[in-house]
Every structure is written in C-alpha cells, then in structure tokens.
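Student: Next input, structure requested:
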Amino acid sequence: MPDQTVLVVDDEADIREICSEALLDAGYAVLTAASAREARALLDSEIVDIVLTDLAMPEITGLGLLRMVKERHIDAGVILITGHATVDTAVEALKNGAYDYIAKPFTVDDLVTRVNHLAERRELATENRLLRSQIQAGRGPGGMVGTSLPMQHLYRAILKLAPRRQPVLITGESGTGKELVARAIHECSLARQWPFVALDCAALSDSLIESELFGHVPGAFTGAAQGRVGLLASAGQGTLFLDEIGELPIGVQAKLLRALQEREFRPLGSNQCQHFEARIVAATNRDLPAAIREGKFREDLYFRLDVLSIQTPPLRRHVEDIPALVRFFIDGQAGQGNPVTGISRQALRVLAACPWPGNIRELRNHLERAMAMSDGPLIQIGDLAPELRTAHPATASEAGLTQMQLAERDAIVRALASTEGHRVEAANFLGIGRTTLYKKLKDYGI
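Tutor: Numbering: from 1, shown residues only. Got it, this is the predicted structure:
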C-alpha cells in the first residue's frame, strides 16, 4: 500500500535513522528534518503525507509544528513521538489535530503499525471525500460524465492510482477521453497544486520533441538563441502527460527511459544533469506489445511506463451514458448564440444505436454539427448527419410502437452495443432466451 511520503522530525540523529530505516523497509518514501524549522521548509517545498515528529524539541516543539501544519492547511497527518507520555500531553496533541502519539521507548513494529493505520485511513478518507463530491456534482473524477458500470470501474481505478507517484499508462481507443483521465488522476492527487503539463508526441518532429521534453541551452542548435526550460522541469512536482507515447521516436525513447530510471535529465547542449520530480502519465491508442515486436517501441521503456495502468472503455460499451453526454455537450454550448436547449427522443435513439467508432470525440463532433444545423429548441432527426440517419436501421419501424415497446427495443440495442453484437451474451445480459431475442430482433427490425 504505502507509496506515501513520511517526514521524520527529531533532533536526535539516532531516532531519525531508526525511524527512516524502518519506514523505508515498509515501502514509504522518507524525508528527515532535525528541527521544526527544517520541517517547515520541507513542507513548503515537498508533498508530504504523514509527519512523524518528536514532541520535545528546542525552539519549536512538536505541538508547535502540529499547530503550524493545521494552520497552514497542509494536507498531512501527524503522529507525535514523546518521551513524556502523560494523559495531558496525549489529550492536548489529539485536541490539536494529531492522529496518534507514540511513547519512547518504542518498537519498530509498533511505529510502522501506527504509520500504516494512518496511511490507510488517509487513503480511505481521500477516496470517500472525492466520491461524495462527485455524487453531489453528478460527475466522476475531474468532472467526467457517465454513471455506467464501465465508467464506475474507471473512476475507482483513477481514485486508487491518484495518490501514487509511479508512472501510469492509459490505453484505449482514439476518442475515449484518455487526456481527461490523465487530468482526473492529477486533480485527485496530492500534487494537484502543481502544474499539469501535456505533450502530444505525435505532433512534433524528433528534434522539437526532445527540446520540448528536456529543454535546451542557448546555442544548442541552429536558431537556439535563447535557452528553454523543458516540460520535465516546468511540471515541478506535478504531472507530465505524454499523449500518443507510441509515436515517440526511438532515439527520444532511450533518453526518456534513462530520465525515468535516474530521475534526472540533461537539456540539449548542456553538460549538467537536472533532477526532476514530476509524475509521468502516458497514453496511447496503439498496441505497444505489437509495436515492441515490430521494433518500433522499446520494451524496457514500456515496462517502466506500465507500472500502473488504466484502460478507457469505448463508447459502445457504455451507451447508457450517451444521454448524459449529449446533455453535457448541449449545455456546454448554451449562451453562445445557440438556439438548441435539448434533443428529441427520436434523435437520441438514433445516437444511442450508432456504433461510434470514433467514440466520445465523434459523438461530440456530430452534436456540434447538429446544433449548427438545428433551428431549435430541440435537435431533431433531420438535423443529424445523413450517415447517422441511414445507419439507424430501426428508425422507420418505430412508428406505431408503444412506449413500453420502444423502451424494450432500446434495451436490446444497448445490450447488443455493450456486447459488441454478440447475441448470446446480449440475451444473457437481458435475462431472456436466445430464441426470444432473435424474435424480438426481427419484430423491431434491429
């Protein structure tokens, strides 16, 4: 679980060393400070999850450091170490917001157990807080739209991976919202106050990508009159999003691999290496294992990036989210000289029955076209692109159907879409026999 950073604060070097070694062995990242003043400087510059501090220190005590953490709204839990374990001390510490206290002498096992409990509690509290805010807003992490089961699985994965600092690889078809997932991971992380920086690896030439990524010094190449700070550096302790990572040139792949391994890079034309703290989140719609076999992608870089992974679902697997997506896109155009305020049921059925090979991006593009063509207030079937109308086989057969029959027909269409046209799986999903499904497909002209 850990993947969290603990700041150990104690004026005794032996205590700092004992605590550091135990927490490192338990999987935590560890920072140390010999005083509350040193700790304050680290808290201002580093992302810290837990502060483990001695109570009795010169100048500023552990209680003083605790108050400073709370007054500055630093998102870190605090455990106090005290050699004077009295009830009054414990009560005052807990009243001031400490999670726990531990008395000297203590065992390493006891120390790690208490830190683990706080780490687990923080992780659960963060996830629950985010889920509550999303439910209230009717959105997923980062404002994502959709309440279907595939999207709920995606949201849980985002919330699970967000507090980590390891690289994340996002895979999925084009148009499924991979950059939105990357932004959601960043916004749900403890590094959300730092920048989110994106680079499209498919949009630039080899030399420009290298300069964008690592930066360059003046005179590094023809026309480089001034130096440039690369995105690895400008992201700080935030997130660097590498979109279309499968298009990264092989030569740059090798340099990125070394940067990830060493946590440092060298700007173009410079002899000096620079350390970086940014988290790397990459995305691709390519089959990277196939690209590795073809010699187009480095296997060692793939394993370095694929520490944590998320796959975005294609729209055909969560067609039940189409009405919410349509509403979201229409609302986003409100007040821009657009007469459209909604969509007719017939037009929405057409959209729900389309295969959407371009996924959410394609849906959005078609909606923007329909809004431009519509006189309002509702988008009608006639406002949709001809290829959508002709691709909807059941439109002509809808006339004369009751509301119950229309609902049943739409449920069958959604089931077939979610199973990619597999009729046996669709029948099982609907809880009906295959013969019954085949008859209804014929009856409804699907």
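Student: what about residue 441, how many neighbours?
Tutor: Counted with other Cβ atoms under 10 Å, the neighbours of residue 441 add up to 17. C-beta: built from backbone N, CA, C; applies to glycine.
Student: Contact partners for the residue most central in space within the chain?
Tutor: Centroid-nearest residue in the chain: residue 185, 2.1 Å away (criterion: Cα atoms, centre = their mean). Applying Cβ atoms under 8 Å, 6 or more residues apart in numbering, one finds that residue 185 lies in contact with 141-142, 158, 161-162, 168, 239, 281.
Student: just checking, which of those belong to helices?
Tutor: Among those, the members found in helices (DSSP state H) are 158, 161.
Student: returning to that earlier point: ok, the residue nearest to the centre of the chain to residue 123 distance?
Tutor: 15 Å (Cβ to Cβ, to the nearest Å).
Student: can you check residue 186 too?
Tutor: Distance, residue 186 to residue 123, using Cβ to Cβ: 17 Å.
Student: More neighbours: these two, which one.
Tutor: Using other Cβ under 10 Å as the criterion, residue 186 and residue 123 rank with residue 186 on top: 23 against 18.
Student: you'd agree the more buried one is up against residue 196?
Tutor: Yes - in this structure, residue 186 is within contact of residue 196 by Cβ atoms under 8 Å, at 4.6 Å.
Student: Between the two, which contacts overlap?
Tutor: In terms of Cβ under 8 Å, 6+ apart, residue 186 and residue 196 are both contacted by the residues 238-239, 241.
Student: closest to residue 295 among those residues?
Tutor: Residue 295 lies nearest to residue 241 out of the shared contacts of residue 186 and residue 196, by Cβ to Cβ, at 25.9 Å.
Student: is it true that the closest one lies in a strand?
Tutor: Yes - Residue 241 forms part of a strand when assessed by DSSP: H, G, I helix; E, B strand; the rest coil.
Student: ok, it touching residue 181?
Tutor: No - assessed by Cβ under 8 Å, residue 241 is found out of contact with residue 181, at 9.8 Å.
Student: Between those two, which contacts overlap?
Tutor: Shared contacts of residue 241 and residue 181, defined by Cβ under 8 Å, 6+ apart, are found at residue 283.
Student: which secondary structure element contains residue 123?
Tutor: Using DSSP states H and E, residue 123 falls within helix 108-137.
Student: Angles on the backbone of the residue nearest to the centre of the chain, please.
Tutor: phi -60, psi -40 (degrees, to the nearest 10).
Student: so where is the stretch 51-200 of the chain shaky, pLDDT-wise?
Tutor: Along the stretch 51-200 of the chain, segments meeting pLDDT under 70 span 73, 84-88, 90, 126-139.
Student: swap the cut-off to 90 and go again
Tutor: Counting by pLDDT under 90, the stretch 51-200 of the chain shows low-confidence ranges at 54-77, 80-106, 117, 119-153, 155-166, 187-194.
Student: Then the stretch 301-446 of the chain?
Tutor: Short version for the stretch 301-446 of the chain, where the test is pLDDT under 90: 307-308, 316-324, 327, 330-357, 372-378, 380-446.
Student: quick one, strands of it?
Tutor: 308-311, 342-343, 378-379 (DSSP state E, counting those that start in this stretch).
Student: Nearest spatial neighbour of residue 209, chain-adjacent residues omitted?
Tutor: Using Cβ to Cβ, 6 or more residues apart in numbering and skipping the chain neighbours, the partner closest in space to residue 209 is residue 252 (5.6 Å).
Student: quick one, whichever strand or helix holds that neighbour and strand 239-243 angle?
Tutor: Using DSSP H and E, residue 252 falls within helix 250-262. On the basis of axes from the mean of the first three to the mean of the last three Cα atoms, to 10 degrees, helix 250-262 is oriented at 150 degrees to strand 239-243.
Student: for helix 250-262, which positions count as buried?
Tutor: 252-253, 255-257, 259-260 (16 or more other Cβ atoms under 10 Å).
Student: Give me the helices and strands touching it, please.
Tutor: Applying 3 or more Cβ pairs under 8 Å, 6 or more residues apart in numbering; DSSP states H and E, one finds that helix 250-262 makes contact with helix 206-214, strand 264-265, helix 299-305.
Student: thinking residue 234 is in contact with residue 196, fair?
Tutor: No - using Cβ under 8 Å as the test, residue 234 is too far from residue 196 to be in contact (11.0 Å).
Student: Mind checking which of those two has more residues around it?
Tutor: The residue with more neighbours, out of residue 234 and residue 196, is residue 196; 21 against 15, by other Cβ under 10 Å.
Student: for that one, what are its contacts?
Tutor: By Cβ under 8 Å, 6+ apart, the neighbours of residue 196 are 182-183, 186-187, 235, 238-239, 241.
Student: Reformat these as TSV; add distance to residue 320.
Tutor: Below are the contacts of residue 196 laid out as TSV (distance: Cβ to Cβ, whole Å):
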residue	distance to residue 320
182	24
183	24
186	28
187	25
235	36
238	34
239	30
241	29
